[in-house]
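Participant: quick one: sequence and predicted model below, then my questions.
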Amino acid sequence: MTKEEKIKNYNPSGVGLANGHLFGLPFGFEESDIIVLPVPWELTASYGGGTSKAPQQILKASTQLDLYHLNYPEAWKQGVFMLDVSDEIYKLNSKYVQKANELILLQEKGKSIEELNEQITEINQVCDTLRKWVFEQAMRLLNRGKKVILLGGDHSTPLGYMQALAQKYDSFGILQIDAHADLRQAYEGFEFSHASIMFNALKMTQLTSLVQVGVRDICKEEIDLIQADKRIRTYFDVKLHQERFRGVSVSEQWDRIIKDLPERVYVSFDIDGLDPKLCPNTGTPVPGGLQYAEVVELFRRLKDSGKEIIGCDLNEVGNQEWDANVGARILYELSCIL
């Protein structure tokens, strides 16, 4: 059956089909414009665990979502298809996650990174294996002409995908929704830490702009980098609210953020950028954050701006039903603007 025939025979207002496909859509890999690459990985998670199980939880929750979108009513017709979770990557994460957690606990008890160097080096090598795997998978999909959304896992997972996009585009910017700046250098000794994803991304010369929204947990090292690197523009959660208390509208703020972005944009969405009532079981929840409607409006303005959205990721979704429900909806929002 062709894609056109599947669209004709499918009822988007019907009961969500438990057909093993994301959102219960009828499309397979070939008919789908957008491919979701699941990455079940949380090796460097430094607080709460469980995000490696998010892809499967989101898949399960996605079928109860209504497909009609007020801003993009026909968006479902693009086709969104999630690849199977890799057993190889899932087993690799399971094999080493306890070792990584033990290294974190030892540091919290006073052990230095130097004393743990041999074990930390092993974890870094394993994480680099994951980065290379993601790069290869993303390149394969991009070369097939697919749009890609990476679904983690923790926020370390999209580095390989970003590097694949850097092979395809000579310049682009990142819109990062996050409670954290993720600008630490090798946090806890882990070169590919979830807290170091943007530090690592900035090593790419193709990255011309990093616009961060919702940041509210940050260290001095990260502040120093923000002040030193002119590519970074950080919209701290507390500063956004201070402006609103003085009468500046969210509309004005979102327009300013869109203006700061270049013509090509990659959206990196750490779900802890939301108010934690929407993501209580995320890896590192922080009070404050964006409301769901604010995110939808920011995405709408980004889409309407005419800028080219070249890719997305969604990470740090907790391993619980409510978190997966919200995660599935954010995933659908991302697919609508891609």
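Facilitator: Everything's here; your move.
Participant: contacts for stretch 227-241, please.
Facilitator: Contacts to stretch 227-241, defined as CB atoms under 8 Å, 6 or more residues apart in numbering, come from residues 179, 181, 183, 202, 207-216, 218, 225-226, 253, 257, 260, 288-290. For glycine as for every other residue, the C-beta is placed from the backbone atoms N, C-alpha and C.
Participant: quick one: buried residues of it?
Facilitator: The neighbour-count check on stretch 227-241 (16 or more other CB atoms under 10 Å) flags Ile232, Arg233, Thr234, Tyr235, Phe236, Asp237, Leu240 as buried.
Participant: restricted to strands, list these.
Facilitator: Among the buried residues of stretch 227-241, DSSP state E puts Ile232, Arg233, Thr234, Tyr235, Phe236 in strands.
Participant: any idea what the third one is bridged to?
Facilitator: Okay, so that is Thr234. Listed beta-bridge partners, Thr234: Gln212 (assigned using DSSP bridges).
Participant: what sits against Leu22?
Facilitator: Val36, Ile58, Leu59, Ser62, Val80, Phe81, Met82, Leu331.
Participant: may I ask which of these has the most neighbours?
Facilitator: In terms of neighbour count, Leu331 stands highest of the contacts of Leu22 at 29 neighbours, by other CB atoms under 10 Å.
Participant: what sits against the residue lying closest to that residue once chain neighbours are set aside?
Facilitator: Nearest non-adjacent residue to Leu331, counting by CB to CB, 6 or more residues apart in numbering: Leu314, 5.5 Å away. Neighbour list for Leu314: Ile149, Leu150, Leu151, Gly152, Phe269, Ile271, Gly327, Ile330, Leu331, Leu334 [criterion: CB under 8 Å, 6+ apart].
Participant: how does it look with 7 Å?
Facilitator: Ile149, Leu151, Phe269, Ile271, Gly327, Ile330, Leu331, Leu334 (CB atoms under 7 Å, 6 or more residues apart in numbering).
Participant: list the buried residues in whatever helix or strand Gln98 lives in.
Facilitator: Assigned by DSSP states H and E, Gln98 falls within helix 87-108. Using 16+ other CB under 10 Å as the test for burial, helix 87-108 gives Ile89, Tyr90, Leu92, Asn93, Tyr96, Val97, Ala100, Asn101, Leu103, Ile104, Gln107.
Participant: who's in contact with Val296?
Facilitator: Glu333.
Participant: pull out the buried positions in the host helix or strand of it.
Facilitator: Val296 belongs to helix 292-304 when assigned by DSSP H and E. Residues of helix 292-304 classed as buried by neighbour count (16+ other CB under 10 Å): Glu294, Val295, Val296, Leu298, Phe299, Arg300, Leu302, Lys303.
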